[in-house]
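J.: my questions are about this predicted structure, shown below with the sequence.
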Amino acid sequence: MKTIYVDNNATTRVAPEVLDVMLPYLKEFYGNPSSMHSFGGNVAHKIREARAKVASLINASPDEIMFTSCGTESDNTAIHAAISSVPDKKHIITSRVEHPAVKNLFEHLSKKGYRVTFVPVDRKGMLDLDYLYNSLTDDTAIVSIMWANNETGMIFPVQELSQVIKTKGLVFHTDAVQAVGKLPIDVSKSEIDMLSISGHKIHAPKGIGALYVRKGTRFSPFLIGGHQEGGRRGGTENVAYIIGIGKASELAATHLEEMATRVEKLRDKLENELLKRIPNAMINGDTENRLPNTTSISFEYVEGESILLMMDELGICASSGSACTSGSLEPSHVLRAMGVPFTAAHGSIRFSLGIYSTEEEIDFIVEKLPPIIENLRTMSPFWK
Ligand code: PLP
């Protein structure tokens, strides 16, 4: 059975070009980049090249990029760096729709004595900017707002936000894990202080990430050890994976155009056809302001998990907008924050396309999903 993979916001396949450049550094060139000999020195040179490639994708300078193990570590590092640089400040701001990598850390910090402002979103998933601006105080240690939402694809105006926050002299971090590789990003046109990247969302392997730290940003390291990463993260570098994320960043830059044209068209086709063929279906989020590859669609009166299971039998991989916690299927915090009605939030599915998605795959989903929903609805006590 062929796999129809429309879950690229969860993870992406490793690009063959990425694997090719990584393998020699797992097999032959195993030197330690900190060694004095040239066997290690050559590896250090490849790390410098990779750093420059990641920097170039977001128009940063190479010394503003530090490598981490994943997007979660980048988020945690940025937030810890900011709050530990100003230990007297006890107020932190984020949104209600962040990924758990930020949301759960903020909840943890609230138990440690931090006053947390969770900025709400409206029914379309847009951030309440007035609420955010009115929350800024001299006591604010960090504002962390994602660039694009992983579930709905909603894009937040982080460049403008960073400019306002800078005028107040506060630190701004953005989780750009879903935005990088899907949208053009130019940190030089913003006042963003720190920005998180995850390799496995841009066709590098799982287990590598990066954090942009603007020159001059106060920073205290999370991992204290050797002098690696300019003293910002101790630990011998994950050489092959760093080389991998470097190549993936180079490729991502060349794929931006295709994302904005071919991939977006395929996403729109999938969405339009499904809405045409399936009654009581609706899109979650503002369609004017979304990532080109993502759609979150609610099918009323069915369980997202049931839809996923039936699609899985046909080889279709997608995600649902609910999480099975303690036996009850809770709609995701993102859909709840948007006020998506219960009957719709339960039946929400996220399709996230990628550069390997094809028209045939979209046609297959469009053909197979309507009867699945129809069948499931005949079993629902709420479907008339
Ligand atoms: N932030 C966002 C918006 C994400 O979508 C994800 C992963 O899904 C992460 C952070 C965490 O990234 P990683 O899986 O690399 O830790």
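T.: Good, I have the coordinates. Numbering: from 1, shown residues only.
J.: domains of the chain?
T.: Using automatic domain parsing, the domain ranges for the chain come out as 4-11+256-377, 16-251.
J.: grab the nearest non-local neighbour of the residue in the stretch 1-150 of the chain that the ligand sits nearest to.
T.: With CB to the nearest ligand atom as the measure, residue 71 is the residue of the stretch 1-150 of the chain nearest to the ligand, at 2.6 Å. C-beta here means a position set from N, CA and C on the backbone, and glycine is covered the same way. In space, residue 71 comes closest to residue 198 once its chain neighbours are excluded; the distance is 3.1 Å by CB to CB, 6 or more residues apart in numbering.
J.: run a quick neighbour tally on that neighbour.
T.: Applying other CB atoms under 10 Å, we find 31 residues neighbouring residue 198.
J.: can you check the pLDDT for it?
T.: Looking at residue 198, its pLDDT is 98.
J.: could you dump stretch 103-115 to PDB, C-alpha only?
T.: Coordinates of each C-alpha in stretch 103-115 appear next as PDB, following Å, rounded to 0.1, in the frame of the first residue of the first chain:
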ATOM      1  CA  LYS A 103       2.900  26.500  26.500                       C
ATOM      2  CA  ASN A 104       4.000  23.800  29.000                       C
ATOM      3  CA  LEU A 105       7.200  25.600  29.900                       C
ATOM      4  CA  PHE A 106       5.200  28.800  30.700                       C
ATOM      5  CA  GLU A 107       2.700  26.800  32.800                       C
ATOM      6  CA  HIS A 108       5.700  25.300  34.600                       C
ATOM      7  CA  LEU A 109       7.100  28.800  35.200                       C
ATOM      8  CA  SER A 110       3.800  30.000  36.500                       C
ATOM      9  CA  LYS A 111       4.100  27.300  39.300                       C
ATOM     10  CA  LYS A 112       7.600  28.700  40.000                       C
ATOM     11  CA  GLY A 113       6.300  32.200  40.800                       C
ATOM     12  CA  TYR A 114       6.100  33.800  37.400                       C
ATOM     13  CA  ARG A 115       3.000  35.800  36.500                       C
END
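J.: buried set for it?
T.: Neighbour counts over stretch 103-115 (16 or more other CB atoms under 10 Å) mark 103, 105-106, 109, 114 as buried.
J.: same list, these, but as CSV with secondary structure and pLDDT please.
T.: Output for the buried residues of stretch 103-115, formatted as CSV (DSSP: H, G, I helix; E, B strand; the rest coil; pLDDT from 0 to 100):
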residue, secondary structure, pLDDT
103, helix, 97
105, helix, 98
106, helix, 98
109, helix, 98
114, coil, 98
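J.: the ligand contacts on this protein?
T.: With CB under 6 Å from any ligand atom as the criterion, the chain comes near the ligand at residues 70-72, 75, 99, 101, 146, 150, 175, 177-178, 198, 200, 209.
J.: in the stretch 151-300 of the chain, which spans are helices?
T.: Assigned by DSSP state H, counting those that start in this stretch, the stretch 151-300 of the chain shows helices spanning 158-167, 239-258, 264-277.
J.: most tightly surrounded among the ones you listed?
T.: helix 239-258 (a mean of 22; mean count of other CB atoms under 10 Å).
J.: the inter-axis angle of that one versus helix 264-277?
T.: 70 degrees (axes from the mean of the first three to the mean of the last three CA atoms, to 10 degrees).
J.: what packs against helix 239-258?
T.: Secondary structure elements in contact with helix 239-258, counted by 3 or more CB pairs under 8 Å, 6 or more residues apart in numbering; DSSP states H and E, are helix 16-22, helix 24-27, helix 38-57.
J.: deepest of those helices, which one?
T.: The most buried one of the helices and strands packed on helix 239-258 (mean count of other CB under 10 Å) is helix 38-57, showing a mean of 18.
J.: what mean pLDDT does the next helix or strand after that helix have?
T.: Downstream of helix 38-57, the next assigned helix or strand under DSSP states H and E is strand 65-68. Averaging pLDDT along strand 65-68 yields 98.
J.: go on, stretch 158-172?
T.: On average, stretch 158-172 scores 96.
J.: which residues does that stretch contact?
T.: Residues outside stretch 158-172 that contact it (CB atoms under 8 Å, 6 or more residues apart in numbering): 82, 85, 129, 132-133, 136, 140-147, 174, 176, 189-194, 217-218.
J.: quick one: which of the residues you listed sit in strands?
T.: 140-144, 174, 194 (DSSP state E).
J.: out of the residues you listed, which is nearest to residue 125?
T.: Closest approach to residue 125 among those (CB to CB): residue 174, at 16.4 Å.
J.: ok, that closest one to residue 145 distance?
T.: 6 Å (CB to CB, to the nearest Å).
J.: looks like residue 195 contacts residue 176 (just checking).
T.: Yes. Assessed by CB atoms under 8 Å, residue 195 is found in contact with residue 176 at 4.9 Å.
J.: anything in contact with each of these two?
T.: With CB under 8 Å, 6+ apart, residue 195 and residue 176 have common neighbours 58, 147, 185.
J.: what about the first one, distance to residue 109?
T.: For residue 58, the distance to residue 109 (CB to CB) stands at 27 Å.
J.: ditto for the second one
T.: Computed with CB to CB, the distance linking residue 147 and residue 109 is 21 Å.
J.: again, but for the last one
T.: In this view, residue 185 and residue 109 are 27 Å apart by CB to CB.
J.: cool, residue 141 as well?
T.: 9 Å.
J.: which residues are common contacts for those two?
T.: Going by CB under 8 Å, 6+ apart, residues that sit against residue 141 and also against residue 109 are 83, 92.
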